[in-house]
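S.K.: show me how the following folds:
(chains A and B)
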Amino acid sequence: MVDNIFFMLYRSVKNILGYQPPSVPPPFVLDEHRPYDSPKVANQQPDKEKALEAFSSLLRYAHRLEGFIDKLATVLRSKTWDKEAAEIKLEITALDKQLSQLTPVLLRYDQSITAPKVQRLSTSIEENRRTVETIYQLPRNNDIMLRDFSIAGNPRVKAFAVFIEGMVDSKLLDNSVLQPLMLFNYSRELYEGNFTEQIVRECLPSNQIKRSDTFASIETAVNSGSTAIIFDGIDEAIIVGTGAWEHRGVERSQIEQSVQGSQAAFSENFRINTGLVRSMLRTSDLIIETIKVGTRSQINCALMYIDSIANTTLVDEVRRRIQGIATDYLGDTGELIQFIEDHPSIPFPQSLSTERPDRVAGHLVEGRIAILLEGNPFVHIVPVSFFSFFHSAEDFSHKPTVVNFMRILRLLGAFVSIILPSIYIAISYFHQDALPTELLLAIAGSRENVTFPAWFEIVLMEFSFELIREAGIRVPGFLGSSIGIVGALILGQAAVYANIVSPIIVIIVASTGLASFCIPDYRMASAIRLLRFILLAFAATFGLVGLATAFLWIAVLFCQMKSFGVPYMTPVVPKTIAGYDVVLRGPIFQQDTRPDALNVKDQRRQPNISRTWKKINQGKSDKP
Amino acid sequence: MKYQPGRMGTAEGIGLAVIMTINSVLMSSPSFILEKMGSLAWAVPFISGTIIISSLFLLAHVFNRFPGDLVSTTEQLFGKVAARVIGVYYIFAFFFQAFSLTREYSENTLLIALPYIDLDTAILWYGLGAAVIVYTGIETIARVIYLALPFIVSLILILLFTSYSLWEVNYLFPWQGYGLNQVAENSVGLSGMNVGIIILAVLAPSFQTARTLKAAAVFGVGGASILHSFIFVVFIMVFGLKVGTEKILPLYEIARVAYLNRYVQHIESLFIVIWVIVGILSITACLFAGIFLLSRLANFSTIRPLIPAATFIIVEFSLLPPDLTALIKLASKIYLSGFLGAVIFPIILFIAAIIKDRRKKACTYDQ
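M.R.: Coordinates of the predicted model:
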């Protein structure tokens, strides 16, 4: 049937009369984290789970023993005993050691008292592999690499290397670690003496090398960019210094420049970017999940969060949204965010875009999630509040008083940027009595020869300013800034001389433009620029009444918005525990808790008295 | 139910409580109260505020025993018919307040800010301003009010303190006004003007607990009462009794006479901003409460289709009174019945809840 105007009209009337609310899923609201979100440490595991884990270990040992017995039987039957003797000897030693680790007392101790990372290495490569997988939460963490290989020699020993992609120098790893171990030592007898000692002395040419028998030291080393090699049958690992994450030399931050703090910026290389974040946050709790986005050109998208802090519901929701993108190609994080944010049609940003790894690390520690797309140097952080856009990268590098002054200045700049032209229009059109007589006369005098109405002057100048700004960005290099200066000077002066605009308008538009550059976030500044034109229309129509109404509507918009389930105006509305970093910033040693609105798993960032040295000094001074 | 509002806390409750009671000082009621009570008029907000807080406490007690909103609790206590009757009464109260506020704010906008604008346009503007906000739901409305509250209170305090040079403390004497008895009697009657505060009871399930409701009542109504009293005190100190009774918009008049120096001569524009924000938010809250109750009684699945229709009716009704004086006269009559909704119904519900609760306990013991 043809869908003509009558049918459309009929459907509209029918919809109005028999209105039914659309059946859309309820909007996502970030709630308190549930008990099962809490980090799984060994102490909190139920007894059954511990018993199951111990039973599994015994089973795996039994399975290994069974395999060994079969192999031994085969060797004995084939009468090649002398050839396989080394391997069998090594295996017997390993089984013996593993058995000693599986005594009920040790097993119970390992399984119930210590967290995985505090455990000592087992002689079973399988057990060690499982522990490493638990520590790094594999396969969720996609940049943690486990490389299996066999060591050349007699016998061939199975081993695996653990390292973080993006934090190691691949060439160094290949040439100085894997190659010597896998290719160069066929004639070497490996079962004599101390195995790891022999490997370190004879096989590895690296200058940074050490041995370790605990997972804690392995974790620390791997998080710093080293590679750990774990062998079958040996309860000791070798840690080789292969760290070479990209730092500082890569490039300076172009958009978020700062006087203090790290100057490194992300690049287009995916693994370098994840490595930069890892180099800032050296913890195995940092999860970097990789999700493929795009059906035609599958691009890696990294979801970064700290597992023991970030709210699990939030992580699940962000992951669900990213996985729910059905498009053939995504080339930019900005495009990705539009697919997943709560209000894509509202111009105000709902995620914080940054090119600085230090900023990403800071937000991850607060319990937020970072989203990185392959081939893009900008990381988006979610969820954020309105106030986050007025914080700059170096806020925490300076003293609170200085930073607070700067923050107030930024907010004032944003306010002036929004309101100055419209308040001029409102007062000059409707509320002239609000101005002192002298100022009123001065303005009237300056406008005497101007032929156009005030609103037209403002729109004309604002439009010209936007043209200059856009041209300055598009024209490459120093020519861009030259165009800006020349354009602003010549255009402004010529317009005043030609009586097209009054000098007061030039002052207002210039101040407005200058104020808009105070806003640290480019996308927020763009949205505010757009808002200025809307407010101008309201002010020109209803004066201060229109302006107040428009402000109210903007407040309504902000109060309704959510950034990934977190209200945009939090912690002001809805009121949550604010902490000391919203509009103003408190001393860093008093910022004991994480933002309440994020409903993180671990609310406390530091103890109430974080400057323990002060407490100690006090204690000492009290003594006679 | 899709029209069930979201979750609200004490802050949102305080916002709603303040916005529903603050109108009385922005409008012409201070001069009317001054005329009746004399120099003790500043005590009226305290007394009527205490009465309103008490009646909200009674309702909180009722909701503790019989959880639900105003309609469902009344239904549990008195049956469906009584719930419908009380529901219709409050719908009428909220819609009347919305319509009278729309007209009053529009008329006074013409008077203080936009003298050349049509009254129809001003009414339409306020109606549109409110309808857009109602569409976003009570959670957002309450949050916006709470967000705007510090600015509103700060601007009012700035206005009051800028008139400091004109304060004459002697105007506050004789401190007993026209007699303590008269003040007490009139204050009880005038508490009906704050019938809008029952919005907290209408939206009771949205608040986390009855304790939240009580906190909102104490801090919201209590804070608003202190502010009202201070406005009265300053108003009396600036204009005195005789001149004060002649002023139509007291706060605006204070803003007009304030003079700081030759560079800051007129601060009425501050008042316009407060005026518009408070006006639209008050109309919004009343409109939402009326539409919400209507949907609740008629068991509609959503309130959104009712918003344009209800706004249109409110706007049309606002155009009916021939002038502001006629509206004020009508409002003063209607507000007398506000006492019924603000005080009498809560008391009745409280007594019924106690009786029913005792019966319930008696039945339990019998078993």
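S.K.: enumerate the residues of chain A near chain B.
M.R.: Taking CB under 8 Å from any CB of the partner chain as the measure of proximity, chain A contacts chain B at A:16, A:19-21, A:427, A:430-431, A:433-439, A:542-545, A:547-549, A:551-553, A:555-556, A:559-560, A:567, A:569, A:572-575. In this view, the C-beta of every residue, glycine as well, is placed from N, C-alpha and C.
S.K.: select the longest helix from chain A.
M.R.: As assigned by DSSP state H, the longest helix anywhere in chain A is helix A:522-560.
S.K.: returning to that earlier point: among the residues of chain A next to chain B, name the buried ones.
M.R.: Among the residues of chain A next to chain B, those classed as buried by neighbour count (16 or more other CB atoms under 10 Å in any protein chain shown) are A:427, A:430-431, A:434-435, A:542-545, A:547-549, A:551-553, A:555-556, A:559-560, A:567, A:569, A:572-575.
S.K.: contacts only, for the residue nearest to residue B:13 when sequence neighbours are not counted.
M.R.: In space, residue B:13 comes closest to residue B:216 once its chain neighbours are excluded; the distance is 2.4 Å by CB to CB, 6 or more residues apart in numbering or on different chains. Listed by CB atoms under 8 Å, 6 or more residues apart in numbering or on different chains, the contact partners of residue B:216 are B:10, B:12, B:13, B:14, B:16, B:17, B:200, B:207.
S.K.: still on that earlier bit, list the contacts of the helix or strand following the longest helix of chain A.
M.R.: Reading on from helix A:522-560 to the C-terminus, the next helix or strand found by DSSP states H and E is strand A:562-563. Judged by CB under 8 Å, 6+ apart, the contacts made with strand A:562-563 from elsewhere in the structure are A:27-29, A:341-343, A:350-351, A:382-385, A:568.
S.K.: what average pLDDT does strand A:562-563 get?
M.R.: Strand A:562-563 comes out with an average pLDDT of 92.
S.K.: what residues does the stretch 1-150 of chain B have near chain A?
M.R.: Counting by CB under 8 Å from any CB, the stretch 1-150 of chain B sits next to chain A at B:2, B:9-12, B:109, B:113-114, B:117, B:125, B:129, B:132-133, B:136-137, B:140-141, B:143-144, B:146-148.
S.K.: any quick PyMOL command for the buried ones out of the residues you listed?
M.R.: Those of the residues of the stretch 1-150 of chain B next to chain A that count as buried under 16+ other CB under 10 Å are selected in PyMOL with:
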select buried, chain B and resi 9+10+11+12+109+113+114+117+125+129+132+133+136+137+140+141+143+144+146+147+148
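S.K.: with pLDDT and distance to residue B:104 as extra columns, can I get the contacts of residue B:216 in JSON lines?
M.R.: Rendered in JSON lines, the data for those read as follows (pLDDT from 0 to 100; distance: CB to CB, whole Å):
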{"residue": "B:10", "pLDDT": "88", "distance to residue B:104": "30"}
{"residue": "B:12", "pLDDT": "90", "distance to residue B:104": "26"}
{"residue": "B:13", "pLDDT": "91", "distance to residue B:104": "25"}
{"residue": "B:14", "pLDDT": "92", "distance to residue B:104": "24"}
{"residue": "B:16", "pLDDT": "92", "distance to residue B:104": "20"}
{"residue": "B:17", "pLDDT": "92", "distance to residue B:104": "20"}
{"residue": "B:200", "pLDDT": "90", "distance to residue B:104": "23"}
{"residue": "B:207", "pLDDT": "84", "distance to residue B:104": "29"}
